[in-house]
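Visitor: Please find the sequence and the predicted model below.
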Amino acid sequence: MIADQRQALIKLLEQGKEISPEWAKIIFPPEKREYELIYHGKDREEDILADTLAVPLQPVRTFGRNGIDWHNMLIFGDNLQAMKTLL
């Protein structure tokens, strides 16, 4: 089986054709590995962000001023909405 796959891959490369993304990941692994939880019915990240409202941040406390425009805040609210607002 592996020999057949190897021959098919060699043939594609010799013909200058594109290889499948699965093979590309194996042959040319990304420098940074990222892991993802995959399950049936999982929503795409783009859909989740499109359906999430960006809301004004509600600072609870401000501390550690490090200049005119820089300060740390504790924010009260939903994590996903806060992350979308910061994004």
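Guide: Everything's here; your move.
Visitor: where does the residue nearest in space to the middle of the chain land on pLDDT?
Guide: In the chain, the C-alpha nearest the mean C-alpha coordinate belongs to residue 45, at 7.8 Å (C-alpha atoms, centre = their mean). In this model, residue 45 is scored at 84, pLDDT.
Visitor: Could you measure from it over to residue 13?
Guide: Per C-beta to C-beta, to the nearest Å, residue 45 is found 32 Å from residue 13. Where C-beta positions appear, they are placed from N, C-alpha and C, glycine not excepted.
Visitor: So residue 81 sits against residue 58, correct?
Guide: No. Between residue 81 and residue 58 no contact is recorded; they are 10.4 Å apart, counting by C-beta atoms under 8 Å.
Visitor: And these two? Which one has more around it.
Guide: residue 81 (16 against 11; other C-beta atoms under 10 Å).
Visitor: how much space between the more buried one and residue 38?
Guide: When residue 81 is compared with residue 38 (using C-beta to C-beta), they lie 25 Å apart.
Visitor: One more: residue 11?
Guide: In terms of C-beta to C-beta, residue 11 sits 31 Å off from residue 38.
Visitor: Counting neighbours, go ahead and name the busier of those two.
Guide: residue 11 (10 against 6).
Visitor: just checking, that one is part of a helix?
Guide: Yes. If the criterion is DSSP: H, G, I helix; E, B strand; the rest coil, then residue 11 is within a helix.
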